[in-house]
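*Asks:* this is a predicted model, with the sequence first.
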Amino acid sequence: MSNTSVATEHERSLTIMLPAGRLPLPVMEKARELAQRHGLGVYLSTTQNLRLLGVKEEDLEAIKAELAPLGAMFKGPGKFPLPKVCIGKPSCTMGIVDPAELSARILARFGERPNVKPKFKIAIAGCTLSCSGALLVDIGVVTTRNGFDLYVGGKGGPYPKVGRRVLRGVSEAEVLEAIGKLVDFHDAKTANKQRLIKLLEDPEFPFAVEE
């Protein structure tokens, strides 16, 4: 695949969303074909998505139309964020669960939620090593031998913050319920976009935060 294209003011990037970081072979093959045909760059993002770089404005909809029948989903405003996951069980000897399964259940419950306000990120770790960076996102789920721990308010960037634990050793059902409460709270408190760390001190925050 070409990786030499340079974007201009008339070019864009197209992000193909990959649940649990899985890249279906038909999508990969079509992306390769489109990249060669249109001279595009291909970037595997740190959020486990696939980006086509240097897409001309006039080609954008045609490229999407070729990818969509293969099940490709495209990033856009108002969409529920895809959880970032580690590889987990059974491919990792440290894995306690397969994070892709929990990711799928989160998306089945919340993925069609309309008009989700930015900016928050979710990550799931299949063990306490947290290779997916679950402690550095707004909502982090860490698998332990005693259940799931839930962290909130983590962030990266120039001033990184480690998330603070709000639940310890809970079930999957309790994780899904908690995510729903956090998303509702974030939506109610956010006019445009906001990281959860800035909302932890709100008196209506739905959980007690561990020090």
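*Replies:* Nice, thanks for sending it over.
*Asks:* got the domain boundaries for the chain?
*Replies:* By the record's domain assignment, the chain is partitioned as 11-74, 84-199 (automatic domain parsing).
*Asks:* and of these, who's closest to residue 208?
*Replies:* Of all those, it is domain 84-199 that lies closest to residue 208, at 6.8 Å by CB to CB. For every residue, glycine as well, the C-beta is placed using N, CA and C.
*Asks:* start and end of the closest one, how far apart?
*Replies:* 22 Å (CA to CA, to the nearest Å).
*Asks:* return the most buried member of the domains of the chain.
*Replies:* domain 84-199 (a mean of 18; mean count of other CB atoms under 10 Å).
*Asks:* enumerate every residue touching the closest residue to residue 84 other than its chain neighbours.
*Replies:* On the basis of CB to CB, 6 or more residues apart in numbering, the spatially nearest residue to residue 84 that is not a chain neighbour turns out to be residue 123, at 4.3 Å. With contact set as CB atoms under 8 Å, 6 or more residues apart in numbering, residue 123 has these partners: 83, 84, 85, 132, 133, 134, 136, 137, 139, 140, 141.
*Asks:* how much space separates the closest residue to residue 145 other than its chain neighbours from residue 86?
*Replies:* Nearest residue to residue 145, sequence neighbours excluded (CB to CB, 6+ apart): residue 96, at 6.6 Å. Residue 96 sits 11 Å away from residue 86, going by CB to CB, to the nearest Å.
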